[in-house]
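> Okay, sequence plus prediction incoming.
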Number of protein chains: 2
Amino acid sequence: MKTYKIKEISEMFELPSSTLRYYESEGLLPEVPKSLSGQRIYNNEHIERLKCINCFKRTGMTISQLRKFFMYETDEAAHIDEIISLLKDQEQIVNQKLVQLQNDSTHVHHKVEYYSAIKYALKNNLPMPLWKDEEE
Amino acid sequence: MKTYKIKEISEMFELPSSTLRYYESEGLLPEVPKSLSGQRIYNNEHIERLKCINCFKRTGMTISQLRKFFMYETDEAAHIDEIISLLKDQEQIVNQKLVQLQNDSTHVHHKVEYYSAIKYALKNNLPMPLWKDEEE
DNA sequence: TCTTGACTTCAAGTATACTTGAAGTGTTAA
DNA sequence: TTAACACTTCAAGTATACTTGAAGTCAAGA
């Protein structure tokens, strides 16, 4: 199985090595084997885990929620209900975030248009446009 | 013009009063007048500003970026280019977030399905389903 | 062999965004 | 009027997620 040094993983995920050590110390990574000289040796399992961490982090999970989730996963059969419930909660959260962010995207876009019109009005000494928007 | 006490605003935005005072101290709010006895009196301008703060915060802006933006806004004509450039950057950022979050939503949903299948397999003593997914 | 850069541990430091506590004043309903 | 609760300031504290520094070991090319 292909293995990786910390620097390769660091570059792969654009995360400083210190963060990888930090995640490990927080119990987010599967056991990381070390070379004879003590250097970390990562494999595909770690890469998959890091993808998963990134995904969950973006959906708003904290380090301690991540740790909890991965702990449940290590004894899937005993914690299947907790895993499913946690995932369903997270699914709800990410979908709410999605709706909200779609709204926010629209609002920011409106602002770009509004200020572009302001700029035009300023340049040509024209009356200022009016701001119309119902922000949520 | 209708005015509001801090508690009304606090409930309206589900933000503790302390956070409202904090935002004010960080220069995110327009001048907040005080009653004779020193209590804050908010109006629609503050409400609009808070909606705007919430929107930008969700798109990832920090307090100091928000402060900068609102400072530019107070002298629109002098800073119109900075305002537009800042807004365009933020529009890009929010749209990237949106794409990423859509992906993440899909992944979380797949996980829900996968573990539901695991649960079913456990309950009925069936072979475990396989995990197939290309996570981004 | 020597040097340069990457790695190690562990404790302490930092950034961001609030939150809390103390000590006191103001407001309101019974 | 008196209790109960909301409000005030200001400084200090907290939570989360890293990040940095010190001091030392290891690996690879000139």
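Received, thanks.

> ok, now how distant is the residue nearest the centre of chain A from residue A:23?
Nearest to the geometric centre of chain A sits residue A:58, at 2.3 Å (CA atoms, centre = their mean). Separation of residue A:58 from residue A:23 (CB to CB, to the nearest Å): 15 Å. All C-beta spots, glycine's among them, are computed from the backbone N, C-alpha and C.

> Next one: residue A:136, what pLDDT does it get?
For residue A:136, the pLDDT comes out at 55.

> Contacts for stretch A:126-136, please.
A:100, A:103, A:107, A:110, A:114, A:117-118, A:120-121, B:48, B:51-52, B:55 (CB atoms under 8 Å, 6 or more residues apart in numbering or on different chains).

> Which among the residues you listed count as buried?
Buried subset of the contacts of stretch A:126-136 (neighbour count, 16 or more other CB atoms under 10 Å in any protein chain shown): A:107, A:114, A:118, B:51, B:52, B:55.

> if we can go back for a sec, what about the closest residue to the residue nearest to the centre of chain A other than its chain neighbours, neighbour count?
Of all residues not flanking residue A:58 in the chain, residue B:104 sits nearest, at 5.2 Å (CB to CB, 6 or more residues apart in numbering or on different chains). Residue B:104 is flanked by 25 other residues according to other CB atoms under 10 Å in any protein chain shown.

> secondary structure element for residue A:116?
Using DSSP states H and E, residue A:116 sits in helix A:76-123.

> repeat for residue A:32
Under the criterion DSSP H and E, no helix or strand holds residue A:32.

> Next up, the contacts around it.
Contacts for residue A:32 (CB under 8 Å, 6+ apart) come out as A:24, A:40, A:41, A:42, A:46.

> What of residue A:1?
By CB under 8 Å, 6+ apart, the contact list for residue A:1 reads A:43, A:44.

> From chain B, how far out is it?
In this view, residue A:1 and chain B are 17 Å apart by CB to the nearest CB, to the nearest Å.

> With residue A:22 as the reference, measure out to that residue.
Taken as CB to CB, the span from residue A:1 to residue A:22 is 25 Å.

> what's the closest non-adjacent residue to residue A:70?
Nearest residue to residue A:70, sequence neighbours excluded (CB to CB, 6+ apart): residue A:28, at 6.3 Å.

> what's the answer for residue A:9, then?
Distance criterion CB to CB, 6+ apart; nearest residue to residue A:9, sequence neighbours excluded, is residue A:42 at 5.1 Å.

> and if you look at residue A:119?
Residue A:119 sits nearest to residue B:80 (CB to CB, 6+ apart), 4.8 Å away.

> what does chain A have sitting close to DNA strand C?
For chain A, the contact set with DNA strand C under CB under 7 Å from any atom of the strand comprises A:5, A:6, A:7, A:10, A:17, A:21, A:34, A:38, A:39, A:40.

> ok, of the residues you listed, which one's closest to chain B?
When the residues of chain A next to DNA strand C are compared for distance to chain B (CB to the nearest CB), residue A:10 wins out at 18.7 Å.

> What's the local residue count around the closest one?
Residue A:10 has 17 nearby residues by other CB under 10 Å.

> That one against residue A:17, yeah?
Yes. Between residue A:10 and residue A:17 there is a contact under CB atoms under 8 Å: 4.8 Å.

> ok, which residues in chain A are in contact with DNA strand D?
Contact residues (CB under 7 Å from any atom of the strand) of chain A with DNA strand D: A:15-16, A:18-19, A:22, A:35-39, A:57, A:62-64.

> List buried residues within the residues you listed.
Buried by 16+ other CB under 10 Å: residue A:15, out of the residues of chain A next to DNA strand D.

> and which of the residues of chain A next to DNA strand D is nearest to residue B:93?
Of all these, residue A:57 has the smallest distance to residue B:93: 16.5 Å, by CB to CB.

> What's the end-to-end length of stretch A:31-49?
Length of stretch A:31-49, first residue to last, CA to CA, to the nearest Å: 11 Å.

> Now find how far off-centre it is within its chain.
Distance, stretch centre to chain centre, for stretch A:31-49: 22 Å (CA atoms, centre = their mean, to the nearest Å).
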